[in-house]
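Peer 1: Predicted model and sequence follow; I will ask about them next.
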Amino acid sequence: MQAVRDPLWKHIFLPDALYEATNTKDFLRLHGIKQLGPSYLVYPGATHTRAAHSFGVYEVASRLIKNLIQKGARNWVSREGMQSFLAASLFHDLGHFPYTHSLKELPLLDHEVLTGEIILTEPLRSIIGKTGANPEQVAAIVDTSKDCSDVETLFYRKLLSGVLDPDKLDYLNRDAFYCGVPYGIQDTEFVLAKLIPHKERGIIIDSSAMLSCENVLFSKYLMYKAVYWHKNVRIATAMMKKTLYTALKEGILQAKELYSIDDQGLYSLLESKTYFDELECADAVQNKAFFKVLYECPYNESYKLHRDLEDLEKREKIEKKIAKKIGCKAAQILIDVPERISFESDLYIRDEKTSFSKSSTVFSEHTVERFTTSLRKIRLAVSPLFLSHKTDKETEKNIKLIEEFFFLDYNT
């Protein structure tokens, strides 16, 4: 056994073969990917990596499966399957993109699909086999796009992704710890002790454990509000996304070039390409020269403009129209629309014989829906370089022009 020292979970013990796998090129890449991308520019302590998170998920998954086996999961869990689940928990982010979620929405393969491919590629495939795990099962647990009828594998899929999964229990605690905020802290030992194994549902709980589920949901909401979707974090992410969208669309970058690099590799890759206007967005992020928000409003599903802004191609056209309206270059303006998120709340409450959101909790379906709608804000931001040449009066005029576009021009 090999011990990995972790600030959250202290000693994390891995079998020698599994530890060997963490020294492969694919896993070592995760040390160069910050878990929260540009959040360190707002929260300086947020420099922890996908690798550290992966070790943490493995530790929580180990504690989880041990508890569930003691409570009856041994009736359908095999030794090989358990080892496959633990390997999946450690390697679940192998295919993750650099710079956290800047690459979301772009025309790229899902990182879970990439993870599955890496797991089945040498040398990782053989090393995973040494641990007693089945590489095919490990890949199937992570990549849920693959059809699967194996009951045990489906059980592990539900353990790895749900309301009280190891991924969430690590990242909420870890992100809160490194950002220096209290919002994500979970009573992990209490949570794990209260979970009950269920062959088809993965895990269920009794109403006595509902507090832990409520805490996770509210913590996730607060972390999105304070950290993940902090205004400047969103703008920095959107700036990088704008750069990459243009580079991919214009053929300056190929998707496959983004699959095997880390954060610094992304900047180096961009620097190696022919100059294009949107490249200034990526440079500005490095220099913390965030675009300035001139307009903000809640996302409203009933507005056609808001729905259209969820499409990157339509968003680009709308940005160009507004840029022309206020007299700036298209590369100097961006619109950020947070993606749709899910606050999973379908955990089954055994003694109430219903799902969590329909139980006696105060977190009803309506309340959980309000979480998502209250968080999603559309923001329009422009380059500080453009604003530096404008008087306060000219900026006020531009803000009015932008407001007119959002409320009048688009639908007329």
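Peer 2: Thanks, I have the structure now. Numbering: from 1, shown residues only.
Peer 1: Looks to me like H389 is in a strand.
Peer 2: No. Residue assignment for H389, taken from DSSP: H, G, I helix; E, B strand; the rest coil, gives coil, which places it outside any strand.
Peer 1: what's the neighbour count on H366?
Peer 2: Each residue near H366 was counted by other CB atoms under 10 Å, and the total is 8. Just so you know, the C-beta spots here come from the backbone N, C-alpha and C atoms, and that holds for glycine as well.
Peer 1: Past the helix or strand hosting it, which element shows up next along the chain?
Peer 2: Assigned by DSSP states H and E, H366 falls within helix 365-375. Once the chain leaves helix 365-375, the next helix or strand it forms, by DSSP H and E, is strand 377-382.
Peer 1: what packs against that next one?
Peer 2: The criterion is 3 or more CB pairs under 8 Å, 6 or more residues apart in numbering; DSSP states H and E, and the helices and strands that strand 377-382 contacts are helix 231-249, strand 292-298, strand 333-336.
Peer 1: neighbouring contacts of the last one?
Peer 2: Right, the one you point to is strand 333-336. Defining contact as CB atoms under 8 Å, 6 or more residues apart in numbering, one finds that strand 333-336 is touched by 234-235, 237-239, 242, 281, 291, 309, 315, 318-319, 322-323, 326, 378-383, 386.
Peer 1: Now do the buried residues in that strand.
Peer 2: In terms of neighbour count (16 or more other CB atoms under 10 Å), strand 333-336 has its buried residues at I333, L334, I335, D336.
Peer 1: in the stretch 1-150 of the chain, what spans have low per-residue confidence?
Peer 2: Residues of the stretch 1-150 of the chain that meet the criterion pLDDT under 70 lie in 102.
Peer 1: Tell me which stretches of it form helices.
Peer 2: 16-21, 25-28, 50-70, 79-91, 111-119, 124-130, 135-142 (DSSP state H, counting those that start in this stretch).
Peer 1: May I see those organised as TSV, with distance to F363 added?
Peer 2: Rendered in TSV, the data for the helices of the stretch 1-150 of the chain read as follows (distance: least, CB to CB, whole Å):
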stretch	distance to F363
helix 16-21	37
helix 25-28	37
helix 50-70	22
helix 79-91	27
helix 111-119	27
helix 124-130	38
helix 135-142	28
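Peer 1: Make CSV out of the ones you listed and add distance to L266 and mean neighbour count.
Peer 2: As requested, the helices of the stretch 1-150 of the chain are arranged in CSV below (distance: least, CB to CB, whole Å; neighbours: other CB atoms under 10 Å):
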stretch, distance to L266, mean neighbour count
helix 16-21, 24, 18
helix 25-28, 16, 15
helix 50-70, 14, 22
helix 79-91, 21, 24
helix 111-119, 14, 21
helix 124-130, 23, 18
helix 135-142, 23, 25
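Peer 1: Which one, of the ones you listed, ends up nearest to V227?
Peer 2: V227 lies closest to helix 50-70 among the helices of the stretch 1-150 of the chain, at 14.4 Å (CB to CB).
Peer 1: between that closest one and helix 79-91, how many degrees?
Peer 2: For the pair helix 50-70 and helix 79-91, the angle between their directions (axes from the mean of the first three to the mean of the last three CA atoms, to 10 degrees) equals 150 degrees.
Peer 1: And the buried residues of strand 333-336, which is closest to I118?
Peer 2: Each of the buried residues of strand 333-336 was checked against I118 using CB to CB; the closest is D336, at 30.7 Å.
Peer 1: Distance check, the spatially closest residue to W76 that is not a sequence neighbour against P15.
Peer 2: If the residues on either side of it in the chain are set aside, W76 comes closest to K199, at 5.3 Å by CB to CB, 6 or more residues apart in numbering. Distance of K199 to P15, given as CB to CB, to the nearest Å: 27 Å.
Peer 1: Pick the one among the buried residues of strand 333-336 closest to I204.
Peer 2: For I204, the nearest member of the buried residues of strand 333-336 is D336. The distance, counting by CB to CB, is 38.1 Å.
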